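> no FASTA, just this:
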């Protein structure tokens, strides 16, 4: 690709032409990536996926429904077809494509697509972003990522907590599915979910494993939202709520499994180690810690969504995407042993790590 003569030879040779074509296409995809995201978010904001899920229609009819000139909407539709979001149908109509269907079906996907607009705003000047990443719109959205969890520092308005708790709740289904289908909870009696949010994970776990008692630990305004949800599901009698901050408070005892679902990657190594040490202290001998979140690939492994999460977490605040080995090292420093990375079906959503508090004396 760097030598014009070799490049001309490569594209003229049928045996090597595919390599040159593939790398050229990859470069075009990199250059067009921002446009691709804007096509996606435009379809979400114009409600295109929901409209076409109800019924395929012509560009003219669709333009009338979304109040966009047909000539302009045609460019959006053709671009969405090229990306697999939409597809041609009979009689000049368009309908959902293979990538548009899950966006139309899952609220959490649409919520994250819309939420990513904050990241795009922060990246308008990518070099300036790298020099000062934590002063943009994304950092303001997640105040707790900067260690601002105390009641004196966190905005008091309940809607501030409702805003990001609702996003976490809506986007958590895929992660919850990976955990529940990967780990066997039958040997546990009580589970403490740290950073429980509105309780999406712990409530689904309680519904699947009816023998479990559940505990929720999070900031007080967030737990108020969780209490309402669990009461509506009839789970209040099995649930205990512990308001607090893992930066300044101890974790409650009584659980033989402590879960951290999309928590560690939001925080620095020092904070994660602090949480793990508190979890170790709260566990009985033989207890376990479960970490579930997107994780970076180990060196030499093909990347999943690494590039996206590296930038998202940089914009968010103090967190970072870690490899399983890095997380296992932090778990070992906290005193946990017998760490295990569990194989799961869709690691791009989350991977699942287990560490245990040994029954044997050190």
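Yep, that arrived. Since this is a predicted model, take the numbers as computed values, not measurements.

> Find the residue ranges of the stretch 1-150 of the chain scoring beneath the pLDDT cut-off.
Low-confidence segments of the stretch 1-150 of the chain (pLDDT under 70): 1, 143-150.

> Where does pLDDT dip in the stretch 201-350 of the chain?
For the stretch 201-350 of the chain (pLDDT under 70), the answer is none.

> And the helices in the stretch 1-150 of the chain, which stretches?
Per DSSP state H, counting those that start in this stretch, the stretch 1-150 of the chain carries helices over the ranges 4-12, 17-45, 48-54, 59-66, 70-82, 100-105, 107-122, 126-131, 137-141.

> In CSV: those, plus distance to residue 189 and mean neighbour count.
In short, each C-beta sits where N, CA and C put it, glycine included. Formatted as CSV, the helices of the stretch 1-150 of the chain follow (distance: least, CB to CB, whole Å; neighbours: other CB atoms under 10 Å):
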stretch, distance to residue 189, mean neighbour count
helix 4-12, 63, 12
helix 17-45, 43, 14
helix 48-54, 43, 19
helix 59-66, 53, 16
helix 70-82, 50, 16
helix 100-105, 36, 18
helix 107-122, 30, 17
helix 126-131, 47, 11
helix 137-141, 37, 18
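
> out of those helices, which comes closest to residue 262?
Among the helices of the stretch 1-150 of the chain, helix 107-122 comes nearest to residue 262, with 12.2 Å by CB to CB.

> Now do that closest one against helix 17-45, angle only.
100 degrees (axes from the mean of the first three to the mean of the last three CA atoms, to 10 degrees).

> Check which helices and strands helix 107-122 sits against.
Helices and strands touching helix 107-122, by 3 or more CB pairs under 8 Å, 6 or more residues apart in numbering; DSSP states H and E, are helix 17-45, helix 100-105, helix 137-141, helix 158-170, helix 306-316.

> Now with 10 Å, please.
In terms of contacts (3 or more CB pairs under 10 Å, 6 or more residues apart in numbering; DSSP states H and E), helix 107-122 is packed against helix 17-45, helix 48-54, helix 100-105, helix 126-131, helix 137-141, helix 158-170, helix 173-182, helix 306-316.

> Dump the ones you listed into a markdown table; add distance to residue 258 as well.
Converted to a markdown table, the helices and strands packed on helix 107-122 look like this (distance: least, CB to CB, whole Å):
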| stretch | distance to residue 258 |
| --- | --- |
| helix 17-45 | 36 |
| helix 48-54 | 38 |
| helix 100-105 | 32 |
| helix 126-131 | 35 |
| helix 137-141 | 27 |
| helix 158-170 | 18 |
| helix 173-182 | 13 |
| helix 306-316 | 22 |
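
> tally of neighbours for residue 294?
21 (other CB atoms under 10 Å).

> surely it meets residue 348?
Yes. Between residue 294 and residue 348 a contact is recorded at 7.2 Å, counting by CB atoms under 10 Å.

> For those two, list the residues in contact with both.
304, 305, 306 (CB atoms under 10 Å, 6 or more residues apart in numbering).

> Need the nearest residue in space to the first one, chain neighbours excluded.
It stands for residue 304. Counting by CB to CB, 6 or more residues apart in numbering, residue 304 lies nearest to residue 348, which is 4.6 Å off, once chain neighbours are set aside.

> one step back: just curious, which of the shared contacts of residue 294 and residue 348 is nearest to residue 227?
Among the shared contacts of residue 294 and residue 348, and counting by CB to CB, the member closest to residue 227 is residue 305, at 33.0 Å.

> leaving aside the residues next to it on the chain, what's closest to that closest one?
residue 348 (5.6 Å).

> any idea how far residue 309 is from the one you found?
10 Å (CB to CB, to the nearest Å).

> With residue 331 instead?
Distance from residue 331 to residue 309, by CB to CB: 20 Å.

> Make TSV out of the helices of the stretch 1-150 of the chain and add distance to residue 203.
Conversion of these to TSV gives the following (distance: least, CB to CB, whole Å):
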stretch	distance to residue 203
helix 4-12	56
helix 17-45	27
helix 48-54	27
helix 59-66	36
helix 70-82	35
helix 100-105	21
helix 107-122	16
helix 126-131	37
helix 137-141	24
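
> quick one: residue 100 from residue 177, how far?
For residue 100, the distance to residue 177 - CB to CB - is 21 Å.

> Check residue 235 too.
The separation that residue 235 has from residue 177, given CB to CB, amounts to 19 Å.

> what does residue 266 give?
Residue 266 is 21 Å from residue 177, by CB to CB.

> Tell me which of the two has more neighbours.
residue 266 (20 against 16).

> what about the closest residue in space to the more buried one that isn't next to it in sequence, neighbour count?
Nearest non-adjacent residue to residue 266, counting by CB to CB, 6+ apart: residue 319, 4.2 Å away. Residues near residue 319, counting by other CB under 10 Å, number 23.

> Mind putting the shared contacts of residue 294 and residue 348 into CSV with neighbour count and distance to residue 243?
Formatted as CSV, these follow (neighbours: other CB atoms under 10 Å; distance: CB to CB, whole Å):
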residue, neighbour count, distance to residue 243
304, 17, 35
305, 15, 33
306, 17, 35
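
> Looking at these, spot the one nearest residue 3.
residue 306 (29.9 Å).

> The closest one - nearest residue in space that isn't next to it in sequence?
Closest to residue 306 by CB to CB, 6+ apart is residue 296, at 5.3 Å.

> For residue 292, give me phi and psi.
phi -130, psi 120 (degrees, to the nearest 10).
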